[in-house]
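> predicted model and sequence below, questions to follow.
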Amino acid sequence: MKPELEERLVGLENIIHGIHHNLELMSFINYNLHREPFNLGNNLGLFWIWTSLMASQILEFYKLTNKKEKFSFTKTINIAKENKCKADFVNLETKTKELVEIYDKSDYEAVRSKYLAHQDLNVPEIGTELKGIADFSKKSVELFTLFCNEFKREQTEFNPEITESFSQIFKTIDEYEKVKALLIARLIQGNETIAISEIQDIVNENNSG
């Protein structure tokens, strides 16, 4: 593979990995923490993290779809053509155009240009709907896979530890809350000691969940 094309595909892959992991973390925060003591509804720090992830996602969408961006899909196609690489360019261009059209019909560009470009996250319009973000993210990943297939390039697998390690924070909080509740219950009952096995049961339950 020509070095210039490889550079563009590496840059594209970095964006795609960021998009994938951002979506995983956003989804985890949005759907898995509603019963936790800390969630989007009651913790401003988590809300800030979620909003920042969403803002990063929209900026990454822009990089993928704007033809002037160095690592956009369109720019990558142009570099491949200039280097006389073999690929089904009609299909690549068609699929890229479809993704760009989805971006253009969304509110992503309005949010990006009006607020994110000025680092202003504190606005109501920033609350772009998660399902749309998820759909666009998945289409972007699928398109990158098509590019790799066309240019005979092996993809780097996504690292599952990023989301798993993040979720471990809340599993640990769960354990603490359950152990605390157990200790309080035993004190109310007049017991000053507790069996280690009872604490171990809580840990085992969390690890199996």
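Looks like it came in fine. For clarity, every value in this text was computed on a predicted model and none was experimentally measured.
> after the longest helix along the chain, next one along is what?
As assigned by DSSP state H, the longest helix anywhere in the chain is helix 3-32. Sequence-wise, the next helix or strand downstream of helix 3-32 (DSSP states H and E) is helix 44-65.
> okay, the angle between that following helix and helix 3-32?
Taking axes from the mean of the first three to the mean of the last three CA atoms, to 10 degrees, helix 44-65 and helix 3-32 form an angle of 150 degrees between their directions.
> which neighbouring elements make contact with the following helix or strand past helix 44-65?
Downstream of helix 44-65, the next assigned helix or strand under DSSP H and E is helix 73-82. Helices and strands touching helix 73-82, by 3 or more CB pairs under 8 Å, 6 or more residues apart in numbering; DSSP states H and E, are helix 3-32, helix 44-65, helix 89-105, helix 130-150. In this view, the C-beta of every residue, glycine as well, is placed from N, C-alpha and C.
> got the buried residues for the longest helix of the chain?
Within helix 3-32, the residues scored as buried using 16 or more other CB atoms under 10 Å are 5, 8-9, 11-13, 15-26, 28-29.
> out of the helices and strands packed on helix 73-82, the one nearest F158 is which?
F158 lies closest to helix 3-32 among these, at 5.3 Å (CB to CB).
> residue contacts, the most centrally placed residue in the chain?
Closest residue to the average C-alpha location of the chain: N22 at 1.7 Å, with CA atoms, centre = their mean. By CB atoms under 8 Å, 6 or more residues apart in numbering, the contact list for N22 reads 53-54, 56-57, 60, 137.
> same check on E7?
If you count contacts by CB under 8 Å, 6+ apart, E7 has none.
> hmm, 10 Å instead?
E7 is in contact with 1, 70-71, 76, 79, counting by CB atoms under 10 Å, 6 or more residues apart in numbering.
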